[in-house]
Structures are given as C-alpha cells and as structure tokens.
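Chemist: Provided below for reference: sequence and predicted model.
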Amino acid sequence: MIRLYLLLGGNIGDKQKVFSETRDRLRNLLGKITAQSAVFETEPWGFESPDIFWNQALEISTSLSPEEVLAQTQIIEQKLGRIRKESQYSSRIIDIDILFYGDQIIHQENLVIPHPRIQERKFALVPLFEIAPELVHPVFQKSIGQMLEKCTDELMVKIVPDVMR
C-alpha cells in the first residue's frame, strides 16, 4: 500500500456536502482515509473571486497506481459537477489535487507528482502540515514544516469552525 496525499479544494456550491461526498467516493474508489486535516478557509490563489475556498488535506492508503488515482479523482470531480475551464485558475465546485504518491517523482504529460507548485501555496501546505509535518518532499528534500516556514504566500488560511470532517 502507498501513502497518497490529496488536497480537496472548492469555492462554489454547498461545500460541506461536496467535501463529504468527495471523501465518501475517495474511500470507495481509492482506499482508506488514514488522516484528514481540518477544513481551512483560503483566499483564491492566482485569480480574483468573491467566493472563499475551502481546502482539506487527506492521507489515503491505496493500492492504485498514480495513473489510476488520477483517473478516479477526475471521475469524482466530474460526477460532482466540476466543469474544467480553459483557465487553470477559476472558481470550482471541487478540485482534487494529488500532492504526493509515496516518495515517487513522476513527470508525465498529464501527471506531475509531487505537485509542482506545493511549495508556493499556503492553502496546500497548512492543511498538509496538520497531518504530515515531517513528510519530506522527494525533490527538495525538505519537510512540509520546513517548506511552510519558507513559503512567501501571504494569502489568508484559517480553520473553518464547526465543520464536520
């Protein structure tokens, strides 16, 4: 089994319902969720939007290959109403990013692991730090805690109170 780290994100629709359904589908299709962060409110990164994002990091124990994980996460996004737009940065009902797949380094046309911009994004590092502070980035050879200390992103990231995990 491989330790897979994902980041859920979304800023439109019933976020609590969508996140709950996403976790249920991930459990059914990918494997056991072994850790999950709190849900965090975060400002949009890379674009303007009046809608605040929710983000949550998950650790999943999976036997699927990275390509199978990507296929399944994209199916989940589509079934929950995600519409991919031309712009990479836009409002969305759900986004499931693959942050890490064990300690593997993968560079394919449609799949790059570890996530290529994780070190620039507090909205990914803060939730991941909550569940895996000592996890080491296989390219940078720095822990999530070390990367968070060096991150220059100043956008707001705060826990959403009273959200069911």
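Modeler: In hand now; what should we look at?

Chemist: going forward, measure contacts between C-alpha atoms and count neighbours the same way
Modeler: Fine.

Chemist: helix or strand for L125, which one?
Modeler: For L125, the enclosing helix or strand under DSSP states H and E is helix 122-131.

Chemist: what's that helix in contact with?
Modeler: 7, 35-40, 42, 55-59, 118-119, 144-145, 147-148, 151, 153-155, 157 (CA atoms under 8 Å, 6 or more residues apart in numbering).

Chemist: buried set for it?
Modeler: Using 16 or more other CA atoms under 10 Å as the test for burial, helix 122-131 gives K122, F123, A124, L125, V126, P127, L128, F129, E130, I131.

Chemist: From the chain's centroid, how far away is that helix?
Modeler: Offset of helix 122-131 from its chain centre (CA atoms, centre = their mean, to the nearest Å): 9 Å.

Chemist: Give me the mean pLDDT for that helix.
Modeler: Helix 122-131 shows a mean pLDDT of 96.

Chemist: got the CA positions of the helix or strand just after that helix in CSV?
Modeler: Under the assignment DSSP H and E, the closest C-terminal helix or strand after helix 122-131 is helix 144-150. In CSV, the C-alpha atoms belonging to helix 144-150 read as follows (Å, rounded to 0.1, in the frame of the first residue of the first chain):
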residue,chain,number,x,y,z
ILE,A,144,6.4,20.1,4.9
GLY,A,145,7.2,22.1,8.1
GLN,A,146,10.4,23.5,6.5
MET,A,147,8.6,24.3,3.3
LEU,A,148,5.9,26.1,5.2
GLU,A,149,8.5,28.2,7.1
LYS,A,150,10.0,29.3,3.7
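
Chemist: List the buried residues of helix 144-150.
Modeler: I144, G145, Q146, M147, L148.

Chemist: Please apply the same query to stretch 67-81.
Modeler: Residues of stretch 67-81 classed as buried: V69, L70, Q72, T73, Q74, I76, E77, L80 (neighbour count, 16+ other CA under 10 Å).

Chemist: Can you name the helix or strand that the third one falls in?
Modeler: Of the helices and strands defined by DSSP H and E, Q72 is found in helix 66-79.

Chemist: ok, and what's touching that helix?
Modeler: Helix 66-79 is contacted by residues T22, R25, L26, L29, L30, I94, D95, I96, I98, Y101, L111 when judged by CA under 8 Å, 6+ apart.

Chemist: how distant is it from the center of its chain?
Modeler: Worked out by CA atoms, centre = their mean, helix 66-79 lies 13 Å from the chain centre.

Chemist: Right, I'll call it a day here.
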